[in-house]
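Participant: Build me a structure from this.
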Amino acid sequence: MEKNEELLRVFTGSEVQAEFVKVMLEDNDIGALVRNTLRESLTAGWVSGSQEDACRVFVAKRHQEKAEKLVEEYRISEGMKEE
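Facilitator: You can find the predicted model right below:
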């Protein structure tokens, strides 16, 4: 990812799921960033959200289409509902 590049969310889920998605995307030459909102809120001194949707995975806009296809394949393989 380049500096000031627009990032788009392609996945929301648990920390374990988000890390798996991040590795899957990186294995397909797509840089990814995981934001853990639950951990961020704990660091700030309060709790916000739940473990099931604590993490969000972001990719550069130029990789959005390919990333969304990969995430959809992952969701189908895991029997997950669409976001």
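Participant: buried sites along the helix or strand harbouring residue 12?
Facilitator: Element membership of residue 12, judged by DSSP states H and E, is strand 7-13. Using 16 or more other CB atoms under 10 Å as the test for burial, strand 7-13 gives 7, 10, 11, 12, 13. Every residue, glycine included, has its C-beta placed from N, CA and C.
Participant: Neighbouring strands of that strand in the sheet, and parallel or not?
Facilitator: Using DSSP bridges, the strands paired with strand 7-13 are strand 55-60 (antiparallel).
Participant: How far off centre is the strand it pairs with?
Facilitator: 4 Å (CA atoms, centre = their mean, to the nearest Å).
Participant: Would you mind listing the outside residues contacting that strand?
Facilitator: With contact meaning CB atoms under 8 Å, 6 or more residues apart in numbering, strand 55-60 is reached by 1-2, 5-15, 17-19, 21-22, 25, 30-38, 67, 71.
Participant: Does residue 68 touch residue 25 like I think?
Facilitator: No - using CB atoms under 8 Å, residue 68 is not in contact with residue 25; the gap is 10.4 Å.
Participant: These two - which one has more neighbours?
Facilitator: The neighbour comparison of residue 68 against residue 25 (other CB atoms under 10 Å) goes to residue 25, with 23 against 14.
Participant: Show the contacting residues for that one.
Facilitator: Residues in contact with residue 25, defined by CB under 8 Å, 6+ apart, are 10, 31, 32, 57, 59, 63, 67, 70, 71.
Participant: For the longest helix seen in the chain, list every residue counted as buried.
Facilitator: Counting residues, the longest helix in the chain under DSSP state H turns out to be helix 64-78. Neighbour-count burial for helix 64-78 flags 64, 67, 70, 71, 74, 75 (criterion: 16+ other CB under 10 Å).
Participant: ok now do residue 17, which residues does it touch?
Facilitator: 11, 55.
Participant: Assign it to helix, strand or coil.
Facilitator: Under DSSP: H, G, I helix; E, B strand; the rest coil, residue 17 falls in the helix class.
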